[in-house]
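1. Need the 3D shape of this:
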Amino acid sequence: MEGTELATKEQTPGAKADQDADQTVLMSGKPLHRFVRKEPRCLGIVILIFGCAELLMGFHLSPEDFFTSNSMFIPFWQGILFSVCGILSIYTELHPSKKMVTVCLAMYVVSLIGIVVSIGYRSHCISFFSYRARYGYYYDDDDDDAHNWRTIRMQQLHSVESVLLTCSLFVFGLLVFLSAVASYALKSTRTQVIVQHVPPPRSDTASN
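-> Residues are numbered from 1 along each chain as shown. As a prediction, the model looks like this:
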């Protein structure tokens, strides 16, 4: 009996290592971990940076009298959406669960709809600035210096809106990728059955 218990104790570390290895294989094969393997935390950090940039540009565009995307407060609500998506992506990689992936997917879809709206509105703003820069932007009481200042200012706003539009397109691509990965992970989620071969314990008869 003492020999049997000693042999069992000696086999315990090896069996525990095998179970840890099996658990590692299981965790890597789970559908939700397919989403984690795409490193949403890194992409979330990038999206969060773009969200902060949108918010900062919103404060910069607030005092403008010209027709800008801030007329619909796009930099503010889009910056908030980007920031929320980035934070959720970072948190989900650290604490993966079906619920968190579902929340991320919902926020990705909402942000994509918001980006479509902002792209349309910003394209209209850019067209407006291009038209005014080409045909002039005059007021009745404008002199040459005031006209030149307005023209330069519109060119600056044109550049700002173009940069924000490009950033929105880049984030749109990232969110489409993350949405596809999250949707695939949720569709693949199902109960998995694991069959492990556990050797039977040695009987007293066999030891005798």
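
2. And the strands in this protein?
-> Applying DSSP state E to the chain gives no strands.

3. Quick check, M107 in contact with G86.
-> No - in this structure M107 lies outside contact range of G86 using Cβ atoms under 8 Å: 9.9 Å. Quick note: C-beta positions are derived from backbone N, CA and C, even for glycine.

4. Which residue of those two possesses the greater neighbour count?
-> Higher neighbour count among M107 and G86: G86, with 25 against 22, using other Cβ atoms under 10 Å.

5. excluding its backbone neighbours, what's nearest that one?
-> The shortest distance from G86 to any non-neighbouring residue, by Cβ to Cβ, 6 or more residues apart in numbering, is to L48 (3.0 Å).

6. Distance-wise, check that neighbour relative to H95.
-> For L48, the distance to H95 (Cβ to Cβ, to the nearest Å) stands at 17 Å.

7. that older thread, so who does the residue nearest to G86 touch?
-> F82, S83, G86, I87, I90 (Cβ atoms under 8 Å, 6 or more residues apart in numbering).

8. just checking, which of the residues you listed belong to helices?
-> Among the contacts of L48, the ones falling in helices (DSSP state H) are F82, S83, G86, I87, I90.

9. Check the residues you listed for the minimum pLDDT and say which it is.
-> Of all these, I90 has the smallest pLDDT value, namely 92.

10. Could you count how many residues lie near it?
-> 18.

11. Isn't it up against I47?
-> No - taking contacts as Cβ under 8 Å, I90 lies outside contact range of I47: 9.4 Å.

12. So which of the ones in helices among the contacts of L48 is the closest to Q156?
-> When those are ranked by distance to Q156 (Cβ to Cβ), F82 comes first, at 23.3 Å.
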